[in-house]
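A.B. asks: I need the structure of the sequence given here:
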Amino acid sequence: MDIVTIIISLFVILFAITIHEAAHGWAAYKLGDPTAHIMGRVTLNPVPHIDPIGTVLMPAILIIMGAPPFGWAKPVPVNPANLKNPKRDNMLISAAGPAANLLAAFVSLIAIVLLKAVNPNTSYFIRSFLMGRGGIQGGFRPMEGLAVILFYAVFLNVLLAVFNLIPIPPLDGSGIITGFLSEEASRMYDKIRPFGFIIILGLLYLGLLNLIIRPIQIVIISIIL
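C.D. replies: Residues are numbered from 1 along each chain as shown. This is a model prediction of the structure:
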């Protein structure tokens, strides 16, 4: 990755993480818990959501490894006592983050389709860019730069949504799975939470997450191009 591409991808992933966490807080607020709203977490300002490990260290590690940057933010605080149906509502709150990312990816995809209608060279530029022949290094026109930003918005939002659906605490997939478990099974399942980050790093090191990343990239490229 060249420096411009790194800046674009980091900007997009920061935006994706921000809307992800804001969606958690918004869902909690709508379901009766104002905790996140009171703490200023229902906002598109990224600063309140930044987590040193998930928002800074993880994307940096992935860039060093040559992988697409993604991560997570500080967990949105939820007080189950304020929820009418804690088990169901926690599951909905967990699902809200990935749903927001998928919505953002869809909107970005529509924007690319419209951009292609205005500028038929958009597909050619994105294809050349992905094959290392793009004009990033030599400068690009505004619409070409917008095409790259929208491509990363689609790819990284889908990637973040799918990544967070992995059922490893504290990722959202674990919150969704918990909604289907008994109380005893939930307690047993939650015991792996302290080791969640280590497990995720292990999956990255072993390259197992590439089994998720690569198919997503192929599908998105086939749709866009």
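
A.B. asks: Just the buried residues of the one helix or strand residue 112 maps to, please?
C.D. replies: Under the criterion DSSP states H and E, the helix or strand holding residue 112 is helix 86-118. For helix 86-118, a neighbour-count test (16 or more other Cβ atoms under 10 Å) marks 86, 89-101, 104-105, 108-109, 111-112, 115-116 as buried. (Glycine included, C-beta is placed from N, CA and C.)

A.B. asks: Am I right that residue 173 is in contact with residue 162?
C.D. replies: No - judged on Cβ atoms under 8 Å, residue 173 makes no contact with residue 162 at a distance of 9.4 Å.

A.B. asks: so what's residue 24 up against?
C.D. replies: For residue 24, the set of contacting residues under the criterion of Cβ atoms under 8 Å, 6 or more residues apart in numbering consists of 36, 41, 76, 78, 93-94, 96-97.

A.B. asks: From those residues, pick the one nearest residue 4.
C.D. replies: Ranked by distance to residue 4 (Cβ to Cβ), these are led by residue 97 at 28.5 Å.

A.B. asks: Spatially, what comes nearest to the closest one if we skip its sequence neighbours?
C.D. replies: Leaving out its chain neighbours, the residue that sits closest to residue 97 by Cβ to Cβ, 6 or more residues apart in numbering is residue 20, at 4.2 Å.

A.B. asks: isn't the one you found right next to residue 98, touching?
C.D. replies: Yes - in this structure residue 20 lies within contact range of residue 98 using Cβ under 8 Å: 7.4 Å.

A.B. asks: residues shared between the contacts of the two?
C.D. replies: Between them, residue 20 and residue 98 share the neighbouring residues 160, 164, with contact defined by Cβ under 8 Å, 6+ apart.
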